[in-house]
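1. no sequence on this one, just coordinates:
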């Protein structure tokens, strides 16, 4: 969707147009799904599908549509992803407190799984460069595994920069760091991702 279309939708959503908010949410679904999977981590991913979490986030946003009164793309992103992160943290805390065995999530049917994997991979390629031909789901899981090897700080910077799409200055303000520090963290994180993905490919040779 073009920037002027996004701005038009955010303007209308800020004025209480529910249809515009629906369209705005729909336009961000691929990025929201990628954000949820990456920030949820393996424990939550193993117990809940990202679709259920995404639907829960969208439902909460729609239920509190009256809170969106600052119509800009950045304001909407901040609202959407803050809601998603709060939801993820809540689910993680619940499972940690319950101390239940990790369960593998129920996979959707093959066609739906392939579509979702392709959408996720398109988002993940904003910070990784797969160099081999593999099954979509395998590549998604490989990138997620590498992502989990990063520090919390590195994971946060990558998702904010490459999934949410925040400018470096905004990320710096949100994390309480200098813009230069954020750039350095991001550079090192991306280098680590690239190195680990290459190492995985080399192991297969």
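-> Right, received. Where do you want to start? Given the structure is predicted, the values throughout are model-derived calculations rather than measurements.

2. what about the helices in the protein?
-> Using DSSP state H, the helices of the chain run over 3-14, 18-27, 29-47, 50-63, 73-98, 110-124, 136-148, 152-158, 168-175, 179-204.

3. what sits against the residue minimising distance to the centre of the chain?
-> For the chain, the residue nearest the mean C-alpha position is residue 35 (0.8 Å; C-alpha atoms, centre = their mean). Going by C-beta atoms under 8 Å, 6 or more residues apart in numbering, residue 35 touches 81, 84, 159, 163, 164. Backbone N, C-alpha and C define where each C-beta goes, glycine included.

4. for it, which non-adjacent residue is spatially closest?
-> Closest residue to residue 35 apart from its sequence neighbours, by C-beta to C-beta, 6 or more residues apart in numbering: residue 163 at 4.8 Å.

5. any idea how far residue 18 is from the one you found?
-> The gap separating residue 163 from residue 18 is 26 Å, by C-beta to C-beta, to the nearest Å.

6. out of the two, which sits in the busier spot?
-> Remark: of residue 163 and residue 18, residue 163 carries more neighbours, 23 against 11, as counted by other C-beta atoms under 10 Å.

7. relative to residue 47, how far out is that one?
-> In terms of C-beta to C-beta, residue 163 sits 22 Å off from residue 47.

8. can I see the domain layout of the chain?
-> Residue ranges for the domains of the chain, per automatic domain parsing: 1-103, 127-205.

9. so for the shortest one, mean pLDDT?
-> The one in question is domain 127-205. Domain 127-205 shows a mean pLDDT of 84.

10. and it, how far out from the chain middle?
-> Here domain 127-205 is found 12 Å from its chain centre; the criterion is C-alpha atoms, centre = their mean, to the nearest Å.

11. pipe the domains of the chain into JSON lines and attach distance to residue 118 per row.
-> Shown next, in JSON lines, are those (distance: least, C-beta to C-beta, whole Å):
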{"stretch": "domain 1-103", "distance to residue 118": "10"}
{"stretch": "domain 127-205", "distance to residue 118": "6"}
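
12. among the ones you listed, which comes closest to residue 116?
-> Nearest of these to residue 116, taken as C-beta to C-beta: domain 1-103 at 7.2 Å.

13. pLDDT (mean, whole number) over the closest one?
-> Averaging pLDDT along domain 1-103 gives 86.

14. on that earlier part again, measure the residue nearest to the centre of the chain to residue 66 for me?
-> Computed with C-beta to C-beta, the distance linking residue 35 and residue 66 is 24 Å.

15. and for residue 175?
-> For residue 175, the distance to residue 66 - C-beta to C-beta - is 29 Å.

16. so which of the two has more stuff around it?
-> residue 175 (15 against 7).

17. what distance do you get for the more buried one to residue 185?
-> Remark: distance between residue 175 and residue 185 (C-beta to C-beta) = 9 Å.

18. find residues that contact each of the two.
-> Joint contacts of residue 175 and residue 185 (C-beta under 8 Å, 6+ apart) are 153, 157.
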